[in-house]
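Enquirer: please find the sequence and the predicted model below.
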Amino acid sequence: MKLSKFFVPTQKEVPSDAFAASHILSIRAGLFRLLTSGVYSVLPLGVIVKNKVEKIIREEMNAIGGNEFLLPALSPNELWNETGRLDDFGDIIFRIKNRELVLAPTHEEVFTSIAKPYINSYKNLPQMWYQIQTKFRNEARPKSGVLRGRQFTMKDAYSFDSTWEGLDASYELQDKAYRNIFKRCGLKFFSVSASSGAMGGTRSEEFMVESDAGEDLIALSEDGKYASNIEVAESFVETVARKNSNLKYEELHTPAIKSIDELAGFLGITDKSHLAKSRVFVIPAKSENEKDKYLLALVCGDDEVNETKLMKYYGANIRPGHPEELLEITGADAGSIGPIGLKNNNVEIVADFRLQDADELISGANKNDYHIKNIDFKRDVPGIKYNDLRVVKEGEYTKDKSSKLRVAKAIEIGHIFKLGTKYSESLHATFLDKDGRENPIIMGSYGIGIERIIASHIEQNHDGNGIIWEGEIAPFKLILINITPQNEEITKFCETLYDELSAANIDVLYDDREDLRPGFKFKDADLIGIPVHVIVGEKNFKNNQIEIKIRKSGERIIIDKNDIRGKINELVNA
Ligand code: ATP
Ligand code: MG
């Protein structure tokens, strides 16, 4: 590719809303351009990288028996209603106004609807299907460039099996393929156990890249054996010791005290573990005949309620109560809620394991400006249940006490799920087993974000001057920079070298642009991050020499003109 004909609009300016290195550099290097919030055009340099990522993915998917499909982005509302996901996805799903259609955020429904009429017998199973296709999600806060877009490219794969062991095997195959893909894409990654969210299913793992641009928090053990999304992470924590003092509970006047910190300050307490923090949640009714249910969740004052864990126990639709609801259910506003004297006596009360059978607790009195002290859960809150409700914290030990946890930011680049029969049951995609019995197909689903891989690669491979592509997804292996294009002899040499390298299938970019200062060309080469720079200019050429710069190390090598081909081969094949 010749730069004179290649549209790469590099720029010095940084988009005003860009903070992540990958966002800044992918715009500055001319890979992507913003069209409207969360929607990006992929420019020619971006397309080259994207194609390389997709090639790796295709090779690895085909190697595990994948069949490539291409499904439509539009799909009928009816199909999404059958699985209930039109509601589950809520505002995330883009709906077409003048048709009963949505722009699909994922494709479980459509793939299952294709399997349904054709996969009727265990003899048709297993199957591994995938596509590389555009997804649409009305993300609430599209940010960090293509890391979180409203339109993005995903490789999504689906496995269909007749047995649970078969699902395990398909999942293993995808897991291995994912590891190969991310390695070949030049990423330092790890996998964590994760929540299955709106997808449903039994087990899921996310592939993560540690980065400050990440929106996920992960808990990692120092010995490297435990890694988990904070949403589902567990740790070892001592329960709050029971004092058995049997003190009577009594009301405390706590004027204008709203938060746990204010309460601790007001009471002069530093250890907040005995201040029980209360939060009210609503579990919406599933049908018109049912009523909404209410839940009061209690954790220690120095802990936070983990809403993902609540979703796991009480359903994905559980939501925090609105301020008016809180008053109606408890009798007080958010700062004064507690387990005793709730206005509505149909509230399920659940506390974190740390508070199991604790006493001498202080919590809200369900009366504004009042709290109650000496609450004894065992004595005063009959029917209270206990569960793991808290968010783990940095410095805590793993559950088996073998190692300490650290909490880091990370980008999720891929996700694999054991779906089970959620979709096959709701869409009635069944097969006949060996004994002629009808069973729902057992499914898995596996996704990778293509642009997210590119952005993550940039997050992990850049410096102050630009991107530093590593390995297979580098758009070009080499940039040939002609710094004196007005010199005919040099230009002829460069053209010949360029033709030879292209003929040898080496991805080479030739900076043949005229009327540009050498410094400008060097800056562009650094910014777009080509690993090897071959610099041809008059001064060295006179002495039969050519300069090579290694982008990553900055190392410069002066080489005899006649040895250049050998050196290039050595460097691009390294
Ligand atoms: P997130 O938690 O980041 O929203 P998700 O759990 O919704 O991700 P999946 O539904 O599992 O993601 O999608 C599979 C993959 O698609 C993700 O691992 C990620 O690489 C990519 N992806 C998801 N949402 C986006 C987005 N808005 N922009 C770019 N890539 C995305
Ligand atoms: Mg999402």
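Expert: Looks like it arrived, so ask away. Ligands and ions are numbered 1, 2, ... in the order given.

Enquirer: all contacts plus neighbour counts: C-alpha atoms, from now on.
Expert: Fine.

Enquirer: tell me the predicted confidence for Ser196.
Expert: Listed pLDDT for Ser196 reads 58.

Enquirer: Asp333 - nearest residue in space that isn't next to it in sequence?
Expert: Leu327 (5.5 Å; C-alpha to C-alpha, 6 or more residues apart in numbering).

Enquirer: cool, Phe6 as well?
Expert: Going by C-alpha to C-alpha, 6+ apart, Phe6 has Pro44 as its nearest residue, at 7.7 Å.

Enquirer: kindly report the same for Val146.
Expert: Closest to Val146 by C-alpha to C-alpha, 6+ apart is Glu451, at 6.0 Å.

Enquirer: which residues does the residue positioned nearest the centre of the chain contact?
Expert: In the chain, the centroid-proximal residue (C-alpha atoms, centre = their mean) is Glu412; its distance is 2.6 Å. Glu412 makes contacts with Glu206, Phe207, Met208, Val209, Gly214, Asp216, as judged by C-alpha atoms under 8 Å, 6 or more residues apart in numbering.

Enquirer: you'd agree the second one is up against Ser191?
Expert: In this case it means Phe207. Yes. Taking contacts as C-alpha atoms under 8 Å, Phe207 lies within contact range of Ser191: 4.3 Å.

Enquirer: near the residue nearest to Val146, how many other residues are there?
Expert: 24 (other C-alpha atoms under 10 Å).

Enquirer: then Lys399?
Expert: Counted with other C-alpha under 10 Å, residues neighbouring Lys399 total 14.

Enquirer: wait, it touches Tyr226, no?
Expert: No. Between Lys399 and Tyr226 there is no contact under C-alpha under 8 Å: 9.8 Å.

Enquirer: ligand 1 contacts on the protein?
Expert: When proximity is defined as C-alpha under 6 Å from any ligand atom, the chain approaches ligand 1 at 146-150, 152, 154, 412-415, 447-449, 452.

Enquirer: re the thing from before, mind listing what the helix or strand hosting the residue nearest to the centre of the chain pairs with, with the direction of each?
Expert: Per DSSP states H and E, Glu412 falls inside strand 405-420. Within its sheet, strand 405-420 is paired with strand 203-210 (antiparallel), strand 216-221 (antiparallel), strand 442-449 (antiparallel), according to DSSP bridges.

Enquirer: looking at those, which is nearest to Asp511?
Expert: strand 442-449 (31.5 Å; C-alpha to C-alpha).

Enquirer: just the pLDDT for the residue nearest to Met1 when sequence neighbours are not counted.
Expert: Counting by C-alpha to C-alpha, 6+ apart, Leu509 is the residue found nearest to Met1 once chain neighbours are left out, at 5.0 Å. pLDDT, Leu509: 98.

Enquirer: Leu509 belongs to a strand?
Expert: Yes. Leu509: assigned to a strand according to DSSP: H, G, I helix; E, B strand; the rest coil.

Enquirer: now the helices: where do they sit in the stretch 351-500 of the chain?
Expert: Assigned by DSSP state H, counting those that start in this stretch, the stretch 351-500 of the chain shows helices spanning 377-380, 422-426, 450-460, 488-503.

Enquirer: contacts for stretch 517-524, please.
Expert: Here stretch 517-524 has contacts from Thr10, Ala29, Asn465, Ile481, Ile483, Asp511, using C-alpha under 8 Å, 6+ apart.

Enquirer: element containing Pro116?
Expert: Let me fix one detail, which is that residue 116 is Lys and not Pro. helix 108-118.

Enquirer: for that helix, the distance to its chain's centre please.
Expert: In this view, helix 108-118 has its centroid 26 Å away from the chain centroid, taken as C-alpha atoms, centre = their mean, to the nearest Å.

Enquirer: mind listing the strands the helix or strand just after that helix pairs with, and their directions?
Expert: Beyond helix 108-118 on the C-terminal side, the first helix or strand identified by DSSP H and E is strand 127-136. When pairing is defined by DSSP bridges, strand 127-136 lines up against strand 67-69 (parallel), strand 151-161 (antiparallel).

Enquirer: ok and the residue in the stretch 101-250 of the chain nearest ligand 1?
Expert: Nearest residue of the stretch 101-250 of the chain to ligand 1: Arg148, at 3.5 Å (C-alpha to the nearest ligand atom).
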